[in-house]
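> structure for this input, please:
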Amino acid sequence: MAIQAHLVELERKHKTLENELHEALVHLSTDDLQIVELKRRKLMVKDAIERLRHTAEETIH
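Sure, this is the predicted structure:
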């Protein structure tokens, strides 16, 4: 199932970004713009996951 594989990949990417963001926040020397960019990318991945889940649910019903 291609949708499921794509969801797994997006969830992995989201977790990676979450870890990167956590590390950036722990290190006080991290540039604020870098933190904003990580948050933006994480949100974009989360939105993609939600859209894909919604699409998957519609195809089931």
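
> any weak-confidence spans in the chain?
For the chain, the stretches with pLDDT under 70 are 1.

> can you show me the helices along it?
Along the chain, counting by DSSP state H, helices occupy 2-26, 32-60.

> could you dump the ones you listed to JSON lines with mean neighbour count?
No exception for glycine: its C-beta is placed from N, CA and C like everyone else's. Formatted as JSON lines, the helices of the chain follow (neighbours: other C-beta atoms under 10 Å):
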{"stretch": "helix 2-26", "mean neighbour count": "13"}
{"stretch": "helix 32-60", "mean neighbour count": "13"}
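
> would you agree Leu7 is in contact with Ala56?
Yes. Between Leu7 and Ala56 there is a contact under C-beta atoms under 8 Å: 7.4 Å.

> nearest residue to Ile35 in space, please, no chain neighbours.
Among residues not flanking Ile35 along the chain, Ala24 sits closest, at 5.3 Å (C-beta to C-beta, 6 or more residues apart in numbering).

> can you tell me how far the one you found is from Ile49?
As for Ala24, its distance to Ile49 is 21 Å (criterion: C-beta to C-beta, to the nearest Å).

> what's the answer for Leu10, then?
Distance, Leu10 to Ile49, by C-beta to C-beta: 5 Å.

> quick check, central residue of the chain?
Centrality entry for the chain: nearest residue to the mean C-alpha point is His14, 2.8 Å, by C-alpha atoms, centre = their mean.

> I figured it hits Val45, correct?
Yes. Between His14 and Val45 there is a contact at 4.6 Å, judged by C-beta under 8 Å.

> contacts for stretch 35-55 next, please.
Under the contact criterion C-beta atoms under 8 Å, 6 or more residues apart in numbering, stretch 35-55 has outside partners 3, 6-7, 10-11, 13-14, 17-18, 20-21, 24-25.

> would you point out the most distant pair within those?
Distance extremes for the contacts of stretch 35-55: the farthest pair is Ile3 and Leu25 at 32.5 Å, using C-beta to C-beta.

> thinking again about what came up before, residue contacts, the residue nearest to the centre of the chain?
42, 45-46, 49.
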